[in-house]
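Trainee: Model the following, please.
(4 chains)
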Protein chains: 2
Amino acid sequence: MRRGEVFRSPDRGDLVALRVAEGCLRVCHPLHDGRRQITDFLMPGDGIGLNEVRRHNGSIEAVTPAHVALLATDAAEVEGEPDLAQARIGAMQARLFMLGHKNAREKLAAFLLEMADRIAPGEADFRLPMSRYDIADYLCLSPETVCRNFTQMISDGLIALPDSQTVQILHRAPLEFIGR
Amino acid sequence: MRRGEVFRSPDRGDLVALRVAEGCLRVCHPLHDGRRQITDFLMPGDGIGLNEVRRHNGSIEAVTPAHVALLATDAAEVEGEPDLAQARIGAMQARLFMLGHKNAREKLAAFLLEMADRIAPGEADFRLPMSRYDIADYLCLSPETVCRNFTQMISDGLIALPDSQTVQILHRAPLEFIGR
DNA sequence: CGCGGCCTTGATGTGCCTCAATGGTTGTGG
DNA sequence: CCACAACCATTGAGGCACATCAAGGCCGCG
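Mentor: A predicted model of the protein is given here:
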C-alpha cells in the first residue's frame, strides 16, 4: 500500500483478517461529530480481525508505505482464535484505563513507552512513523496538547527530539513512573 | 451474595467464568492513584470470563443482593468462545468511543439508554441499582458531575426522577441524539 | 517560486474536578 | 425506641487542565 492509501473493509467482504509485513498502518473510526478516533497502530507482525473494524465502519490507512497480507481463511480460525481475541481484550482494557483517568502528560508517557517497545525494543532511540495529529487521535487529545507535552518532557530532560520524528528516551524510569 | 460482598478472583483459581442469575454486580479495577474504575455492570443473564478480571487484579462486588453461578468448565470452552469474545470486544469498543470523545452530558445520556435497555427494555421507567458514585466510576466522571447532569436533564424535561433511584425517560429521541 | 501540510507556540475560554457544606436515609447498638 | 454513625445525594464556589482559535515557521513538492 502506498502512503495515505485507504483500505476500507466493506470493499472486500471476503476477507477476514490482515497482517502487516512491513510499514505502519492506522485503524481509524469516524465519529458522529466528524472527528475520528484511531483505535490502534499496526506494526510489522501485527494482525487484526476485520469484523472488529467493520463493526463501527472503520478503515485501515497506510501511515507509511506498507506491505500487508490479506487473509481470507475461515473466520473461526482467525478471529475466534482464543489467544488473539484474549490479547485484544487485554490491550483494549489497558486503553480503557488510559483514556479514563490519565492526563495528557501521562497518556503521552505511556504512548512513548508503548511505541519504543513495539518499534525498537532495547534501542536507545526510535522513529515515530505517525504525525502529531495521529497521536492526538489515538490518545484522544488535541494535537496542540500533544505538542506542548512533548516540549514539556524535553525541558524536563526526560526525552530528546533530534527531529520531530525521532525520539530518544533519556530517562526511562521516571517516564515509566508517569505512564503507569 | 450479600449486598456489598466482594468476590476477588484470585481466591478461586479453579473458576473460569461467572454468570448472574439475579441482582446486579459491578466489575471493579483499582487504579494506581487509589481510585477505581468500573468496567462493567452485570445484570441477570450476563456472564464474564474471570481471566479478563484477573488480568488487572480486579474484583466483582454485589451492588444488590445477588445470585451468581460460578463456572469451572474448561477455559477454552467458556472464554475462548468466539461469540462471547467478539461480543466483549464490541462492547469495549463502544466504551472506548464513549470515554474518548463524549462529554459528561453525552456520557450520561448514553448510560441511561444502555441501562434502560438492559434493565427494563420497552418499559417507561426503571430503577438504577447502583449509586451515583458507581455511575461516576463507570463513566470516568466525578459523582458531583453525574449529579449535576441529572438535574440538568430534569430541568430540560428529558427525564424525571420520582426518587433518586427511579428514572423515567420522558423524551427518548433527544436523549438518543445526545448519547450517540 | 508558491502552495499545502505539519509542527510549534501564544491567548483565551470553559468543562470538569476539587473542596466544602447540608440534608436525607439507612443501619446499628445501647 | 432513640441516638449516633456512615453513606449517599445534592448544590455552591473556585481553580485548573485541556480545547479552541489564531498565527508563524519549516519542509517537501509541483
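Trainee: Pull the residues that contact the host helix or strand of A:Phe111.
Mentor: Assessed by DSSP states H and E, A:Phe111 sits inside helix A:104-119. With Cβ atoms under 8 Å, 6 or more residues apart in numbering or on different chains as the test, helix A:104-119 has contacts from A:41, A:43, A:98-99, A:102, A:123, A:126-129, A:135, A:138-141, A:145-146, A:148-150, A:152-153, A:158-159, A:167, A:169, A:172, A:175-176, A:178-180. All C-beta spots, glycine's among them, are computed from the backbone N, C-alpha and C.
Trainee: Could you look up the SS state of the residue most central in space within chain A?
Mentor: In chain A, the residue lying closest to the centroid (Cα atoms, centre = their mean) is A:Phe41, at 2.7 Å. For A:Phe41, the assignment made with DSSP: H, G, I helix; E, B strand; the rest coil gives strand.
Trainee: Quick check: it touching A:Tyr138?
Mentor: Yes. Contact criterion Cβ atoms under 8 Å: A:Phe41 and A:Tyr138 qualify, at 7.0 Å.
Trainee: what residues do the two have in common as contacts?
Mentor: A:Arg26, A:Met130.
Trainee: So which bits of stretch A:120-132 are buried?
Mentor: A:Asp125, A:Phe126, A:Leu128, A:Pro129, A:Met130, A:Arg132 (16 or more other Cβ atoms under 10 Å in any protein chain shown).
Trainee: pretty sure the second one contacts A:Val167?
Mentor: Yes. The pair A:Phe126 and A:Val167 passes the contact test of Cβ under 8 Å, sitting 5.9 Å apart.
Trainee: Next, please give the residue ranges for the strands of chain A.
Mentor: Ranges of strands in chain A, per DSSP state E, are A:6-8, A:17-22, A:25-30, A:36-42, A:47-49, A:59-62, A:67-71, A:125-127, A:159-160, A:166-169.
Trainee: could I get those as TSV with mean pLDDT and distance to B:Val6?
Mentor: Below are the strands of chain A laid out as TSV (pLDDT from 0 to 100; distance: least, Cβ to Cβ, whole Å):
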stretch	mean pLDDT	distance to B:Val6
strand A:6-8	89	46
strand A:17-22	92	39
strand A:25-30	95	36
strand A:36-42	95	32
strand A:47-49	89	35
strand A:59-62	94	42
strand A:67-71	91	43
strand A:125-127	95	42
strand A:159-160	96	41
strand A:166-169	96	39
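Trainee: can you tell me which of those strands comes nearest to chain B?
Mentor: strand A:36-42 (5.6 Å; Cβ to the nearest Cβ).
Trainee: can you list the residues that contact the closest one?
Mentor: Looking at what lies outside strand A:36-42 - Cβ under 8 Å, 6+ apart - the contacts are A:18, A:20, A:24-31, A:48, A:58, A:60, A:63, A:91, A:95, A:118, A:129-130, A:134, A:137-138, A:140, B:93, B:96-97, B:100-101.
Trainee: Same check on stretch A:148-163?
Mentor: Against stretch A:148-163 from outside (Cβ under 8 Å, 6+ apart): A:104-105, A:108-109, A:112, A:125, A:167-171, A:174-175.
Trainee: Just flag the most distant two among the residues you listed.
Mentor: Maximum pairwise distance in the contacts of stretch A:148-163, criterion Cβ to Cβ, is 22.6 Å, between A:Ala104 and A:Asp125.
Trainee: Pull up the residues of chain A that are close to DNA strand D.
Mentor: For chain A, the residues in contact with DNA strand D (Cβ under 7 Å from any atom of the strand) are A:Asn103, A:Ala104, A:Arg105, A:Cys140, A:Leu141, A:Ser142, A:Glu144, A:Thr145.
Trainee: okay, now the fifth one: neighbour count?
Mentor: Applying the criterion other Cβ atoms under 10 Å in any protein chain shown, we find 21 residues in the vicinity of A:Leu141.
Trainee: need the contact list for it.
Mentor: A:Leu141 neighbours (Cβ under 8 Å, 6+ apart): A:Ala104, A:Lys107, A:Ile135.
Trainee: Any buried residues in stretch A:58-78, and which?
Mentor: Neighbour count says stretch A:58-78 has A:Gly58, A:Ser59, A:Ile60, A:Glu61, A:Ala62, A:Val63, A:Ala66, A:Val68, A:Val78 buried, by 16+ other Cβ under 10 Å.
Trainee: actually stretch A:20-36, not the one I typed
Mentor: Those buried within stretch A:20-36 under the rule 16+ other Cβ under 10 Å are A:Val20, A:Gly23, A:Cys24, A:Leu25, A:Arg26, A:Val27, A:Cys28, A:His29, A:Arg36.
Trainee: same deal with stretch A:10-22?
Mentor: Under 16+ other Cβ under 10 Å, the buried positions of stretch A:10-22 are A:Val16, A:Ala17, A:Leu18, A:Arg19, A:Val20.
Trainee: what does stretch A:86-99 give?
Mentor: For stretch A:86-99, by 16+ other Cβ under 10 Å, it's A:Gln86, A:Arg88, A:Ile89, A:Met92, A:Gln93, A:Arg95, A:Leu96, A:Phe97, A:Met98, A:Leu99.
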